[in-house]
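Undergrad: heads up, no residue letters with this:
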Ligand SMILES: [Zn+2]
């Protein structure tokens with residue numbers, strides 16, 4: 001079981017999921033960036049970024 005973190009940006013008025021690669025080739029974890037407004041977890045001037053952790057069950 002692992003946890004998958006889903007990111008959302010609500011700049012368009014409703015939360016839209018940000019798609020990104022969680023693991024890149026480098027050791028630096030990938031960071032989602034909103035294609036619409038450019039906000040991300042470390043740059044969120046309008047406080048539109050949110051996330052939800054979902055448990056992923058491996059069968
Ligand atoms: Zn946005």
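TA: Sure thing, it's come through. In this text, all values refer to a predicted model and were calculated from it rather than measured experimentally.
Undergrad: the helix or strand encompassing residue 51 vs the ion: in contact?
TA: Here residue 51, judged by DSSP states H and E, is contained in strand 49-56. No. Using Cβ under 5 Å from the ion, strand 49-56 stays clear of the ion, coming no nearer than 7.6 Å. The way it works is simple: take the backbone N, C-alpha and C, and place the C-beta from them, glycine included.
Undergrad: next, the buried residues of that strand.
TA: Neighbour counts over strand 49-56 (16 or more other Cβ atoms under 10 Å) mark residue 49 as buried.
Undergrad: next up, the contacts around residue 50.
TA: 7, 8, 9, 10, 15 (Cβ atoms under 8 Å, 6 or more residues apart in numbering).
Undergrad: separation between the fourth one and residue 49?
TA: Noted for residue 10: a distance of 8 Å to residue 49, by Cβ to Cβ, to the nearest Å.
Undergrad: go on, residue 4?
TA: 17 Å.
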